[in-house]
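# Need coordinates for the following:
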Amino acid sequence: MADDPLEILRIATSPTRLQILKLLRQGFDHPEDLAKKMKIRRQAVDKQLSELFDWGLVDRSAVFAPTGRPRIVYRVTLRGGDLVDLLERAAKDYKASFRGDFEQELEGLEAKLAAGEIAEEMYFKKRKEIEARYQWVVGP
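Sure thing, here's the model as predicted:
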């Protein structure tokens, strides 16, 4: 569905494509080298690079060695780099908002305990539930 503005998320948030974009932000690279770094098959990298190229997120060029055949290398485009930066900022902001929700829920729970509205056993049970729900934000 080309008119869906969220289609770009599907395109860029594939773990393989996102890893390729992040690696290519460090400089240009050959598909074989990317495959080795990512520990996946070269064919998988070629397929993803082709799609990223078609979407304008990577560019390719030939590097001519003094002897032998030229090598095709890829680099992230300005648009591709901007997209990765945008996604990273959005994920960071989203996670921060969840952390705020976590802290607010804990404060509310502690206020109920302090006011005598819930028993200590219930407090610990609810706290454990809250911590489990927000585990990905709080960490281990």
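# what's the helix or strand where residue 46 lies packed up against?
Remark: residue 46 resides in helix 42-54, with elements defined by DSSP states H and E. Helices and strands touching helix 42-54, as assessed by 3 or more C-beta pairs under 8 Å, 6 or more residues apart in numbering; DSSP states H and E, comprise helix 15-24, helix 31-38, strand 58-63, strand 71-76. Every C-beta, even on glycine, is put in place using the N, C-alpha and C of the backbone.
# where are the low-confidence patches of this protein?
Regions of the chain meeting the criterion pLDDT under 70 cover residues 1-2, 139-140.
# which helix is the longest one in it?
Longest helix in the chain by number of residues, with DSSP state H as the criterion: helix 78-114.
# got the buried residues for that helix?
Within helix 78-114, the residues that qualify as buried by neighbour count (16 or more other C-beta atoms under 10 Å) are 80-81, 83-84, 87, 102, 105-106, 109, 113.
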